[in-house]
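> The sequence isn't on hand, but the structure is:
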């Protein structure tokens, strides 16, 4: 499991977030630390999320729970490694599972309005594939593919 | 002409006229539905858009009294939105378009609805609500 390091200090604060899809059918709870925060510029994320990049926060699968709306959850395998979950009713993109990270969940930060106290520094991945129409204007670390 | 498709390629479309505007929407609806910091929309005349395949996989969600949003029922890709009062205009999700093509200058909308975790320094014109290019949307 990745550890969270904020401003050079180890952060043991635990998130507790209740998040919903836009129509409210699917409700989820995050009760463990956010241990990762990234913006993905790959073409899959661009196409599915309909924007320049998708933004995800990582947490332990053990601390992530679907509270309601299981029947409305649809999964899509965008590759062998990635399974993407969205709401069948409203289309909200919710979270991703990655086969070689079985203990992790990455949920869409679009579902969160506040700034979690344990949010690590963000980084950009798959910038080698980024959209021609997008310029990354922040100083965050960039990776051509993955770290 | 520009082509586009959803991620699973069931839905394919083409646009045969120019893109009229480019807007980045930071509103909560767009952020939740797109699972992103903001949605990227290009406005086109609906008559210039042709669904080439997979029209039956297009799921419509009425995200408000004024707006219908379209996504792929199979892979979840956000495809477009269209106001109910004026279906002659559509806004396509820029992420689904292929290749390189001309784009107008972008503008940010619902900029003050940005989430607290988004501390990016955005350039381009910023609107608190709808920009001029969306005028008449909710008339």
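Thanks, I have the structure now. Just so it is clear, the model here is predicted, and its values are computed rather than measured.
> So residue B:133 is in contact with residue B:21, correct?
Yes: contact criterion C-beta atoms under 8 Å: residue B:133 and residue B:21 qualify, at 3.6 Å. The C-beta positions use only the backbone N, C-alpha and C, and glycine is treated the same way.
> And the strands in chain A?
Assigned by DSSP state E, chain A shows strands spanning A:5-6, A:9-10, A:17-20, A:27-30, A:36-40, A:54-60, A:64-68, A:73-77, A:82-87, A:93-98, A:104-108, A:123-125, A:141-142.
> same deal with chain B?
Using DSSP E, strands in chain B cover B:2-5, B:12-15, B:21-25, B:39-45, B:49-53, B:58-62, B:67-72, B:78-83, B:89-93, B:106-109, B:125-126.
> Leaving out sequence neighbours, find the closest residue to residue A:69.
With C-beta to C-beta, 6 or more residues apart in numbering or on different chains as the criterion, residue A:69 has its nearest non-adjacent residue at 3.5 Å, and that residue is residue A:26.
> Contacts only, for that neighbour.
A:20, A:66, A:68-69, A:72-73, A:87, A:92, A:94 (C-beta atoms under 8 Å, 6 or more residues apart in numbering or on different chains).
> Tell me which residues touch residue B:99, please.
B:2-3.
> whoops, I mixed them up, residue A:89
With C-beta under 8 Å, 6+ apart, residue A:89 has these contacts: A:21, A:23, A:25, A:72, B:61.
> And those residues, which of them are buried?
Buried residues within the contacts of residue A:89, counting neighbours by 16 or more other C-beta atoms under 10 Å in any protein chain shown: A:21, A:23, A:25, A:72, B:61.
> nearest to residue A:142, of the contacts of residue A:89?
Closest approach between those and residue A:142, by C-beta to C-beta: residue A:21, at 29.9 Å.
> Name the spans of chain A whose pLDDT lies under the cut-off.
Within chain A, the stretches falling below the threshold (pLDDT under 70) are A:1-15.
> So what sits opposite the residue nearest in space to the middle of it in the bridge?
When C-alpha atoms, centre = their mean is applied to chain A, the residue found nearest the centroid is residue A:56 (2.2 Å). Beta-bridge pairing of residue A:56 under DSSP bridges involves residue A:38, residue A:108.
> So it sits against residue A:110, correct?
No: with contact defined as C-beta under 8 Å, residue A:56 does not reach residue A:110; the gap is 9.5 Å.
> Would you agree residue B:96 is in contact with residue B:6?
Yes: here residue B:96 reaches residue B:6: they are 6.3 Å apart, a contact under C-beta under 8 Å.
> could the strands of chain A be laid out in a markdown table, adding distance to residue B:73?
Listed next are the strands of chain A as a markdown table, based on distance: least, C-beta to C-beta, whole Å:
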| stretch | distance to residue B:73 |
| --- | --- |
| strand A:5-6 | 39 |
| strand A:9-10 | 43 |
| strand A:17-20 | 20 |
| strand A:27-30 | 21 |
| strand A:36-40 | 23 |
| strand A:54-60 | 19 |
| strand A:64-68 | 20 |
| strand A:73-77 | 8 |
| strand A:82-87 | 10 |
| strand A:93-98 | 14 |
| strand A:104-108 | 19 |
| strand A:123-125 | 28 |
| strand A:141-142 | 34 |
